[in-house]
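Undergrad: What would the 3D arrangement of this be:
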Amino acid sequence: MMMLSLRLDRKKIIAGALALLLVLGGAAGVREVLWQGLDQTTAARRRVNTAAANEGQRRDLIAAYGWEVAEEPLEIREVVIPSSFDETYEKYNTIQKQQGFDLSRYRGRSCRRYVYEVLNYPGGVEDARLTLLIYQDRLIGGDVSSTSADGFMHGLDPSATVWLGYGPETAAGA
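TA: Reported below is the predicted structural model:
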């Protein structure tokens, strides 16, 4: 039989406990950094209520993303999500997926499109438009875009990472 004897004084116990806490804290920090971006769309979706049955709910939804829009929509129209997506619609759906939506679930279905003039786009962009796609009184997608020839398009979240057209540094007038 083998016997092991350790001499532990108070300093060694405290030093060991601190080392263990640093290792566990470091592991938790690394985990947070690695997983930070993976579930951002789910978190964003949980913060924003997608109910859009009436103008009040749509305005609450728009405000939750930080946008201010004109009193009346510029356009309200029934649109059909295409049954098959071409390259352009695939790119558009990439924006939707990035913000937690997926239009492929609504292929061939009619939805209502609301287009608003954006009043508070950064950099003084005056032709910014916000579009909401509503199916059965729920938001299923949307974007913020510019109508100019060198315009842009991104998701409803102003910190979106998927852009069509020029990027956020140009859109903000930098």
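
Undergrad: Show the end-to-end separation of stretch 100-108, please.
TA: Length of stretch 100-108, first residue to last, CA to CA, to the nearest Å: 20 Å.

Undergrad: buried residues in the one helix or strand Leu132 maps to?
TA: Per DSSP states H and E, Leu132 falls inside strand 128-135. Residues Ala128, Arg129, Leu130, Thr131, Leu132, Leu133, Ile134, Tyr135 are the ones in strand 128-135 that count as buried (16 or more other CB atoms under 10 Å). In this view, the C-beta of every residue, glycine as well, is placed from N, C-alpha and C.

Undergrad: Let me have these in a markdown table, extended by distance to Ala51 and pLDDT.
TA: Shown next, in a markdown table, are those (distance: CB to CB, whole Å; pLDDT from 0 to 100):
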| residue | distance to Ala51 | pLDDT |
| --- | --- | --- |
| Ala128 | 24 | 96 |
| Arg129 | 22 | 97 |
| Leu130 | 17 | 98 |
| Thr131 | 18 | 98 |
| Leu132 | 12 | 98 |
| Leu133 | 14 | 98 |
| Ile134 | 10 | 98 |
| Tyr135 | 12 | 98 |
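
Undergrad: Phe101: which of these is nearest?
TA: Closest to Phe101 out of these is Leu133 (8.2 Å), distances taken as CB to CB.

Undergrad: any chance you could map the strands in this structure?
TA: 75-80, 110-117, 128-135, 138-146, 152-154, 163-165 (DSSP state E).

Undergrad: Select, out of these, the one closest to Lys91.
TA: Taking the strands of the chain one by one with CB to CB, strand 163-165 is closest: 5.9 Å.

Undergrad: returning to what we had before: out of the strands of the chain, flag the one nearest Arg59.
TA: With CB to CB as the yardstick, what comes closest out of the strands of the chain is strand 110-117 (9.2 Å).

Undergrad: by contact count, what packs against that closest one?
TA: Judged by 3 or more CB pairs under 8 Å, 6 or more residues apart in numbering; DSSP states H and E, the packing partners of strand 110-117 are strand 75-80, strand 128-135.
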